[in-house]
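**Q** Curious how this folds, go ahead:
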Amino acid sequence: MVYCLLPAYSQTGSRTKAKTPNEHSNSFLKPYAHPYQNRLSLVAGIGLAGYAGDICRLKDSDLQHHYLNIGLSAGLSYRFTNYISVRWDNSYQSLQARARPGTWGDLAFHSHLFGSAISLQINTTSKTIGEQYNRSLDAYFLAGFGVLYYRTKVNADASTQEWLKPMLAATGSPVAFTFPIGIGANWRLTDQASLGLEAVYHFTTTDLLDGTSLTNDPKPHADHYLTLQIRFTQQLFQLFHYKEYLQRKK
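**A** Model (predicted):
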């Protein structure tokens, strides 16, 4: 008799009903609703970067000061649904590297990158009121589109400059498009603040981040870079609008 009553009690009392596929879909597209937290968040980050281009590869850490290329970022994040946010990131990134031995002589470069990008961020966990307080770790992935302005200084001795003269970019547009793709995770510190780690690979449309380009190459390879940042997110506070909250919650 006891064994018959226990399952019945757990089904009606303590056991949580599983969500159907339609309920998961509705939750994914359901507008974010919270009685006193704003959809808007302030985001700031600091980190390092690695270069991938003509003169060396991303894995050549010894040629890139072991990735000690400081970068800063600041922007806004707007949460549309319980899972989906749109981000606007503005960044500064320093890139330094030197050529692999036996390839480009003693060539080295130092670039300053200034970028602005709009990205779509999709979280793996919901931001409904119950779940956002029950879960401390929230992973996500992102993809976006941006514009990059860069200034590059090339360093080489006279013999190297003469040898690489056809490949040293004396002129060229300092503006390029970027396509950032990345992953990250946020750890909730308080109800409105979180600290996260994010890795983003930035595809670009220019071959001049390192100041060099093979002018006789019909299909030049664009330069890219990878950023790894610690990011702090502060969700803004709003006055309690109960009617608006109930409308979005429905």
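
**Q** And the helices in the chain?
**A** Along the chain, counting by DSSP state H, helices occupy 2-12, 21-29, 129-134, 158-163, 242-249.

**Q** Sheet-wise, list the partners of the strand ranked longest in the chain with their directions.
**A** Taking DSSP state E as the criterion, the chain has its longest strand at strand 137-155. The pairing partners recorded for strand 137-155 under DSSP bridges are strand 108-123 (antiparallel), strand 175-188 (antiparallel).

**Q** Could you pull out the buried residues of the shortest one?
**A** I take that to be strand 175-188. Within strand 175-188, the residues that qualify as buried by neighbour count (16 or more other C-beta atoms under 10 Å) are 176, 178-180, 182, 184-186, 188. Glycine gets a C-beta too; all of them are placed from N, C-alpha and C.

**Q** Just the C-alphas of it, formatted as PDB.
**A** Coordinates of each C-alpha in strand 175-188 appear next as PDB, following Å, rounded to 0.1, in the frame of the first residue of the first chain:
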ATOM      1  CA  VAL A 175      38.500  50.700 -42.600                       C
ATOM      2  CA  ALA A 176      37.300  47.100 -42.800                       C
ATOM      3  CA  PHE A 177      34.300  45.000 -41.900                       C
ATOM      4  CA  THR A 178      34.400  42.400 -39.200                       C
ATOM      5  CA  PHE A 179      32.300  39.300 -38.400                       C
ATOM      6  CA  PRO A 180      32.700  38.300 -34.700                       C
ATOM      7  CA  ILE A 181      31.700  34.800 -33.700                       C
ATOM      8  CA  GLY A 182      32.200  33.600 -30.100                       C
ATOM      9  CA  ILE A 183      31.200  31.800 -27.000                       C
ATOM     10  CA  GLY A 184      31.100  32.800 -23.300                       C
ATOM     11  CA  ALA A 185      29.700  32.300 -19.900                       C
ATOM     12  CA  ASN A 186      28.500  34.600 -17.100                       C
ATOM     13  CA  TRP A 187      28.600  34.000 -13.400                       C
ATOM     14  CA  ARG A 188      25.900  35.800 -11.400                       C
END
